[in-house]
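Peer 1: Structure for the following, please:
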Amino acid sequence: MLFFTVSYFAYFLPIVFGCFLICKTIFSSQSAIILLIVASWIFYAYWELKFLPLLLFSLIFNRLVAESFTNARFVHDDRIVRKIFIFGVAINLALLGYFKYKNFFLGSLGYTEEFNLSKITIPLGISFFTFQQIAYLSDARKQKSELCGRFEYVLFISFFPQLIAGPVLYFKEFIPQIRNAISLPLEPKVVFSAIVLFSFGLFKKVVVADNFGILSDSFFASPETTDMLAAWVAMLSFTLQIYYDFSGYCDMAIGSALLFNIRLPRNFHYPFLSANLSEFWRRWNITVSRWFRDYLFRPLGGTRKSIPASLRNLLVTFIFSGLWHGAGLTFIFWGFLHGVGVSIHHTWTRLGMRMSKPFGVMLTFSFFLITAVYFRSASLSDGHRIILGAIGLANGNGCWELLGNNLSKALGGYGKSTWIVGVWNSNVIIVASLIVWSILDHVIRLNSHERLVVKNKSIRICDCLFVSSAFVLIVVFSNNVVDTPFIYFDF
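Peer 2: Numbers count the residues shown, from 1 in each chain. Modelled structure (predicted):
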């Protein structure tokens, strides 16, 4: 079930919300928790019923492992607790590795004929709920989190707004909230804040991301037609597509959770305003970035040791981050590039060097724009070809010759053979408007997570106007754009 479908926001979400209010008001708090658990399982099974048993196995297994940490026979023996913890993490990673990376490794070893690799499909959200389970086991082992009731634990992992693509929650963030959500009354302004956030996310997905996706998808489907103008338009389109696609999902997830008085953590904080790559990764996919920081980078030693050791830790963390995003050499190379970039910035700052913020913002955005090519390309060779095309070296042609050709196309109607003819000419006003809107979104910061979620400020008139206009545009654009699943569903 997709957030942007009518079956979700017009039927499923209102019905669950109404039943939740009835349960918490008339019946017991336990019944409200059970209702949300059942609703979450229905939500997950709606997409792929056959993977629901995998989710249930993960829940039961990890809960039993966590409970063993408090077992009287083991609690005073750190060696046994450590072995149980390693076993629990290994099983989680084994499940993730089988479903997500088996095709990649067997294909790399040349076993495509011996194994029918197409039969192995990735269960929805396995990367996200596996990360939450590992964090839970680590915190339970270190006694950072109490072993709450079993129903509360199941809801912590299964809660449908964030189950399939985050934000990745920590135990301490969720359990106190679910208890308050049941005991505290739901204020009308919280409900309207949830509607505003959900509407904003829906607008990002249907109007902004999917329209940019038309441009980027048509180009990356045939990168052999690379020319300078096409490459830069495609890179910009995909960069804005993936940002508004995933941040739109997160806004809808946060808005959905807010209906139940649950405040999910912010996952994006206008990353394209970042002055360096380190800041960028504190603003982009924040909850996954902090997971890698807390459970991989810091255990490796972080930046506490020498510069070479710190750079090694950064590089290893980002390579694994790339591998987490996708099972392919393109994702590993993308992670490697970002690891190198952050390492350079880390060295730069430790040497006491500085850079002006405007230049840093431009450099950081350009770096992400270019490296995103490998995130989207089907192969490294396609990525290399697009990068060469962007600097005017594709197909053996010189930079200035291609630049002149592309300028003449821009002034004379793009020519007859370029891929942009079928897309750009028919949507030039729409695309230009969306680019302008994207700039204004970052400058004015149209939706404020702090105002709507954290501080719970009063709703403004402009919020009401935005919701009304957003739904009008959503209806208009939904007839012209092919509905596509969220990009991060693949991860």
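
Peer 1: ok, so what distance separates the nearest residue to residue 198 once chain neighbours are set aside from residue 17?
Peer 2: Residue nearest to residue 198 in three dimensions, not counting chain neighbours: residue 255, with 3.3 Å by CB to CB, 6 or more residues apart in numbering. Placement of C-beta: from N, CA and C, glycine included. Distance, residue 255 to residue 17, by CB to CB, to the nearest Å: 12 Å.

Peer 1: Can you pick out the residue with more neighbours from the two?
Peer 2: residue 255 (27 against 17; other CB atoms under 10 Å).

Peer 1: helices or strands next to the strand or helix carrying that one in the packing?
Peer 2: Under the criterion of DSSP states H and E, residue 255 resides in helix 228-258. Packed against helix 228-258, as judged by 3 or more CB pairs under 8 Å, 6 or more residues apart in numbering; DSSP states H and E, are the following elements: helix 160-163, helix 188-203, helix 210-220, helix 357-376, helix 380-390, helix 399-412, helix 424-440.

Peer 1: Go through the ones you listed and name the closest to residue 320.
Peer 2: helix 357-376 (15.4 Å; CB to CB).

Peer 1: what's next to the closest one, contact-wise?
Peer 2: With CB atoms under 8 Å, 6 or more residues apart in numbering as the test, helix 357-376 has contacts from 216, 220, 235-236, 238-239, 242, 272-277, 279-280, 325-326, 330-331, 333-334, 337-338, 341, 355, 380, 383, 386-387, 390.

Peer 1: circling back: which one of the helices and strands packed on helix 228-258 lies nearest to residue 248?
Peer 2: When the helices and strands packed on helix 228-258 are ranked by distance to residue 248, counting by CB to CB, first place goes to helix 188-203 at 4.4 Å.

Peer 1: Could you list the low-pLDDT ranges of this structure?
Peer 2: Confidence mapping of the chain against pLDDT under 70 gives the ranges 72-76, 104-120, 144-147, 225-226, 394-430, 445-452, 454-483, 489-491.

Peer 1: Show me the domain layout of it.
Peer 2: Using automatic domain parsing, the domain parsing of the chain gives 51-185, 190-275+355-490.

Peer 1: what would the ones you listed look like in JSON lines with distance to residue 297?
Peer 2: Converted to JSON lines, the domains of the chain look like this (distance: least, CB to CB, whole Å):
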{"stretch": "domain 51-185", "distance to residue 297": "14"}
{"stretch": "domain 190-275+355-490", "distance to residue 297": "18"}
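
Peer 1: Indicate which one of those domains is closest to residue 299.
Peer 2: Distance to residue 299, taken as CB to CB, is lowest for domain 51-185 among the domains of the chain, at 9.2 Å.

Peer 1: Can you give me the end-to-end span of the closest one?
Peer 2: End-to-end distance of domain 51-185: 35 Å, with CA to CA, to the nearest Å as the criterion.

Peer 1: re earlier: which of the helices and strands packed on helix 228-258 sits most buried?
Peer 2: Highest mean neighbour count of these: helix 160-163, a mean of 25 (counted as mean count of other CB atoms under 10 Å).

Peer 1: Do I have it right that residue 237 meets residue 209?
Peer 2: No - with contacts counted by CB atoms under 8 Å, residue 237 stays clear of residue 209, the gap being 10.1 Å.

Peer 1: how long is stretch 248-268 end to end?
Peer 2: 10 Å.

Peer 1: For residue 164, see how far away residue 250 is.
Peer 2: Residue 250 sits 12 Å away from residue 164, taking CB to CB as the criterion.

Peer 1: Over to residue 133?
Peer 2: Distance, residue 133 to residue 164, using CB to CB: 15 Å.

Peer 1: Run the angle between the helix holding residue 255 and helix 380-390 for me.
Peer 2: Our comparison of helix 228-258 with helix 380-390, counting by axes from the mean of the first three to the mean of the last three CA atoms, to 10 degrees, yields an angle of 120 degrees.
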